[in-house]
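Undergrad: Sharing a model that was predicted from the sequence below.
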Amino acid sequence: MLTSENIFTAEGQLLIRANVEITEAYIKRLRQVGIPAVYVHNPFFADAVPSDIIDEMTRIRLISSLQKEFLAIREGKPWNVQQFMDMSAQIVTEVTLNSRSLIQLTDTRSYKEATFSHSVNVAVLCVVIALAMDYPPRKMHDVALGGLLHDVGKMLVDPAIVNKRGLLTTAEYEIMMEHVTLGFDILRSAIPRIIPAPVMHMALQHHERPDGTGYPRQLAKSEILEYARIVAVADVYDEVTCDRPYSKARFPHEACLMMADAMNQQFDTEVLTAFLTRLAMYPVGSVVELSTGDIGVVVALYWGMQNRPTIRLMLNSHKKILTKKVMLDLRDNPKVEIRRVLGEEEVFALSRLAHHH
């Protein structure tokens with residue numbers, strides 16, 4: 001198999017270039033750095049190139065700068081607050097430029113210190129939501145900053161707990177919950193004092209819930225700052241759609257259903273609705289089975305019609321591989337529905353089948 005894109009470590013170092021054959025030695029190295037999966041070439045996926053909301057190189061620079069500052073905080077050294085202001089501005093600029101892009105976070109990331117890449121993703125998602133809610137640039141900048149810094153308190157929690165491979169014990173969970181107040185304190189005492197108060201409250205309140213069952217202060221509905229209600233949605237979405245050591249990533253459409261079920265209790269209605277209008281339910285590259293029994297790969301998405309993508313058919317309903325290129329635009333085929341998304345193992349079996357043709 002050949003890699004279909006560059007693969008980077010959590011620190012942003014290039015591990016393997018695109019179009020390189022994946023050897024046993026590479027697989028071993030990928031496991032060592034905690035990368036669970038990579039994108040590989042498949043003839044049917046030639047047209048399925050996912051576009052990301054921010055440029056890949058930007059993302060890597062952001063993760064690497066954020067990591068440097070976060071590790072300084074962990075070691076109790078001075079950190080560069082201005083750096084986060086610049087990073088926020090960059091995210092706002094790129095998200096605004098790509099304001100018609102739907103959310104498809106395509107990075108396969110390392111488990112080792114998930115906090116760094118998670119923080120960058122959350123900041124991006126916060127700005128996407130803010131854009132959908134018609135925020136002016138100044139406020140978008142604030143939510144980007146709060147997204148980058150919402151989990152900063154984790155740097156003062158025992159890394160063994162933050163990066164634990166299994167579910168936390170009650171005692172560990174109580175320690176983990178302290179990251180919100182620790183984060184608030186870090187931001188409050190940051191020098192120079194340029195972090196706006198609402199941004200500090202994003203760190204403090206991102207685990208509060210509209211139904212009053214969150215922490216640390218069991219705030220309810222409008223007692224929770226709107227910025228914090230935004231970061232709460234971004235945080236959970238990124239958390240459940242990325243592979244964790246103890247849980248498989250959920251598909252975007254599964255995450256949507258799960259989050260929609262918790263509307264009003266765990267998530268603010270207006271914020272979650274804004275988020276869902278910007279989400280690619282079936283990102284480019286998803287392999288789906290249709291109500292016709294055909295199987296294909298999503299190759300194009302349409303704004304405002306996220307559940308009606310264009311699909312390149314791979315197998316017909318008799319499970320025969322299609323040798324010529326057949327595109328099906330679901331916008332023109334209202335009777336055809338997406339029945340389910342295929343899991344990794346099934347997609348792998350199909351790829352092997354395709355290679356024999």
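TA: That came through fine. Numbering: from 1, shown residues only.
Undergrad: C-alpha from now on. contacts and neighbour counts both.
TA: Fine.
Undergrad: Next, the residue lying closest to Val298 once chain neighbours are set aside: secondary structure please.
TA: In space, Val298 comes closest to Ile311 once its chain neighbours are excluded; the distance is 4.5 Å by Cα to Cα, 6 or more residues apart in numbering. Following DSSP: H, G, I helix; E, B strand; the rest coil, we place Ile311 in the strand state.
Undergrad: how about the helices in the stretch 151-300 of the chain?
TA: Secondary structure of the stretch 151-300 of the chain by DSSP state H, counting those that start in this stretch: the helices cover 159-162, 170-177, 179-188, 197-205, 226-241, 252-261, 269-276.
Undergrad: In this protein, where is pLDDT below threshold?
TA: Along the chain, the parts satisfying pLDDT under 70 run over 10-11, 50, 105-112, 244-246, 354-357.
Undergrad: I'd like the distance from stretch 74-90 to the chain centre, please.
TA: Distance, stretch centre to chain centre, for stretch 74-90: 22 Å (Cα atoms, centre = their mean, to the nearest Å).
Undergrad: Would you mind giving the domain segments of this protein?
TA: Annotated domains of the chain cover 7-41, 56-276, 287-355 [automatic domain parsing].
Undergrad: nearest to Ala48, of these?
TA: The closest of the domains of the chain to Ala48 is domain 287-355. By Cα to Cα, the value is 4.4 Å.
Undergrad: From Ala25, how far out is Gln32?
TA: According to Cα to Cα, to the nearest Å, Gln32 stands 11 Å off from Ala25.
Undergrad: Number of residues surrounding Asp235?
TA: Asp235: 22 surrounding residues under other Cα atoms under 10 Å.
Undergrad: wait, it sits on Val122?
TA: Yes: because the distance of 5.7 Å satisfies Cα atoms under 8 Å, Asp235 is recorded as touching Val122.
Undergrad: out of the domains of the chain, deepest packed?
TA: domain 56-276 (a mean of 19; mean count of other Cα atoms under 10 Å).
Undergrad: could you list every residue that touches Thr241?
TA: In this structure, Thr241 makes contact with 249-252, 255, judged by Cα atoms under 8 Å, 6 or more residues apart in numbering.
Undergrad: With Leu62 instead?
TA: Residues in contact with Leu62 (Cα under 8 Å, 6+ apart) are 87, 120.
Undergrad: Asn307 too?
TA: When contacts are counted by Cα under 8 Å, 6+ apart, Asn307 touches 280-282.
Undergrad: a markdown table please, covering the residues you listed and showing distance to Leu225 and neighbour count.
TA: Output for those, formatted as a markdown table (distance: Cα to Cα, whole Å; neighbours: other Cα atoms under 10 Å):
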| residue | distance to Leu225 | neighbour count |
| --- | --- | --- |
| Ala280 | 27 | 23 |
| Met281 | 28 | 24 |
| Tyr282 | 31 | 25 |
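Undergrad: from those residues, which single one is nearest Val20?
TA: Closest to Val20 out of the contacts of Asn307 is Tyr282 (27.1 Å), distances taken as Cα to Cα.
Undergrad: what's near enough to touch the closest one?
TA: Residues in contact with Tyr282 (Cα under 8 Å, 6+ apart) are 252-253, 298, 306-307, 309.
Undergrad: sec struct for the residue nearest to Gly12 when sequence neighbours are not counted, please.
TA: Closest residue to Gly12 apart from its sequence neighbours, by Cα to Cα, 6+ apart: Ile60 at 5.1 Å. Per three-state DSSP, the local secondary structure of Ile60 is helix.
Undergrad: Surely Ile60 is in contact with Ile7?
TA: No: Ile60 is beyond contact range of Ile7, at 10.8 Å (criterion: Cα under 8 Å).
Undergrad: The chain: strands as residue ranges?
TA: Remark: strands assigned in the chain by DSSP state E are 7-8, 14-16, 287-290, 295-300, 310-315, 327-329, 338-341.
Undergrad: need those in JSON lines with distance to Thr96, can you?
TA: Output for the strands of the chain, formatted as JSON lines (distance: least, Cα to Cα, whole Å):
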{"stretch": "strand 7-8", "distance to Thr96": "26"}
{"stretch": "strand 14-16", "distance to Thr96": "27"}
{"stretch": "strand 287-290", "distance to Thr96": "29"}
{"stretch": "strand 295-300", "distance to Thr96": "21"}
{"stretch": "strand 310-315", "distance to Thr96": "25"}
{"stretch": "strand 327-329", "distance to Thr96": "28"}
{"stretch": "strand 338-341", "distance to Thr96": "30"}
